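Visitor: For reference, the sequence and a predicted model appear below.
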Amino acid sequence: MSDTVGDNAKNSVGIIGCGWLGRALAGQLIKKNIPVMATTTREEKAAELNQAGINTQVLQLPGEPELLSGHAVFSCRQLVVCITPQLKKGRVDYPEKIARLAAAAEANKVEKIILISTSSVYNGLEGEVCEDAELDISAEKVAILARAEQSVLDFHGLSAVLRLTGLIGPNRHPGRFLAGKKDLANPDAVVNLIHQADALGLIMCLLEQSGAQGIYNGVAGTRMTRQHFYQQAAAALALPEPVFNEADRGITGKQINGDKTRQVLSYDYQYDDLVLWMKNNEN
């Protein structure tokens, strides 16, 4: 295991949090011969990733500022922060973690931070939602996410926030999400999803385009109701279709607008039609 990213540090990328998305990102960067250093919170996970060829070190967050700023990952030119907020587990320290990462990055003169955020920051909003939408920070979960994002947006170097919608892809086929479940709410709500390949594609754009700063939504162009989409998803895997509450009609919820990524980043989605992907894929 290396303590640095070597002589090519000027082109290097640090990945804070090497889970399902972070590990796939590391693999893609390594294929492009870009030096990578990843972090994880567990020694056994670090050993596993190192065994797989991904230079990984343990990093505990939030951590003491002095120890944190001395971590080898901050020798990287750019950082991609892929840690999860863990709000469902009752954690509220996500903003502190992100703020300390941003401070350590500034102390080490990291050039750019990219925060992988979530479209859950739009919770409470309805209709079409763009990046400049006013957030409903009266909700604690939204306020937590917004504070974390702001720490990155206030970074003195280059910074970007990528708000990803629901992630699907290898080992995350949506046909398994709701298969066989009964009395599900909001059958008319619009699905907002993105394939892992496109999430990675957007991250690569943000890494490669120095002018790509600010907030971006990551979402496929598939526009269907929850009922229609998840019934087709289950059928694609020959699983029992989910059953929705017919008395719960009329709530369409929010529809995430992804035009900015297409126009500003000039990104073409590989899996814009998620129904077609589901029919052709068994993962």
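Guide: Okay, I see it. Here the structure is a predicted model, which is why all the values come from computation and not from measurement.
Visitor: which stretches of the stretch 1-150 of the chain have low pLDDT?
Guide: 1-10 (pLDDT under 70).
Visitor: again, only this time at 90
Guide: 1-11, 62-69, 86-92 (pLDDT under 90).
Visitor: again, but for the stretch 151-283 of the chain
Guide: Along the stretch 151-283 of the chain, the model assigns pLDDT under 90 to residues 210-211, 247-248, 250-252, 279-283.
Visitor: all strands for it, in order.
Guide: 158-164, 166-168, 193-195, 214-218, 254-256 (DSSP state E, counting those that start in this stretch).
Visitor: Highest mean neighbour count across the ones you listed, which stretch is it?
Guide: strand 193-195 (a mean of 25; mean count of other CB atoms under 10 Å). Where you see a C-beta, it was placed from the backbone N, CA and C, and this is true even at glycine.
Visitor: Neighbouring strands of that one in the sheet, and parallel or not?
Guide: strand 166-168 (parallel) (DSSP bridges).
Visitor: Okay, and the residue positioned nearest the centre of the chain sits in which element?
Guide: Centroid-nearest residue in the chain, with CA atoms, centre = their mean: residue 116, separated by 4.1 Å. Using DSSP states H and E, residue 116 sits within strand 112-118.
Visitor: ok, now residue 104?
Guide: Residue 104 is part of helix 94-107 when elements are defined by DSSP H and E.
Visitor: Could you check that helix and say which residues are buried?
Guide: The neighbour-count check on helix 94-107 (16 or more other CB atoms under 10 Å) flags 94, 95, 97, 98, 99, 100, 101, 102, 104, 105, 106 as buried.
Visitor: ok so, going back, parallel or antiparallel, list what pairs with the strand holding residue 116.
Guide: strand 78-81 (parallel), strand 158-164 (parallel).
Visitor: Minimum distance to residue 212: which of the ones you listed has it?
Guide: Among those, the nearest to residue 212 by CB to CB is strand 158-164 (5.9 Å).
Visitor: one step back: just send the strands paired with strand 112-118 back as a markdown table, with distance to residue 245 too.
Guide: Output for these, formatted as a markdown table (distance: least, CB to CB, whole Å):
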| stretch | distance to residue 245 |
| --- | --- |
| strand 78-81 | 38 |
| strand 158-164 | 28 |
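Visitor: out of those, which comes closest to residue 18?
Guide: strand 78-81 (10.1 Å).
Visitor: Contacts for that closest one next, please.
Guide: Under the contact criterion CB atoms under 8 Å, 6 or more residues apart in numbering, strand 78-81 has outside partners 12-17, 22, 25, 73, 98, 101, 105, 110-116, 152, 203, 207.
Visitor: Burial check on the residue lying closest to residue 278 once chain neighbours are set aside, number of neighbours?
Guide: Among residues not flanking residue 278 along the chain, residue 236 sits closest, at 4.4 Å (CB to CB, 6 or more residues apart in numbering). By other CB atoms under 10 Å, 18 other residues sit near residue 236.
Visitor: roughly how far apart are residue 236 and residue 121?
Guide: 30 Å (CB to CB, to the nearest Å).
Visitor: Residue 249 now?
Guide: With CB to CB as the criterion, residue 249 and residue 121 are 27 Å apart.
Visitor: Which of the two has more residues huddled nearby?
Guide: residue 121 (26 against 13).
Visitor: Could I get the contacting residues of the more buried one?
Guide: Contacts of residue 121 by CB under 8 Å, 6+ apart are 135, 142, 145, 146, 149, 163.
Visitor: so after the helix or strand harbouring residue 24, what's the next helix or strand?
Guide: Per DSSP H and E: residue 24 is located in helix 20-31. Following helix 20-31 in sequence order, the next helix or strand is strand 36-40 (DSSP H and E).
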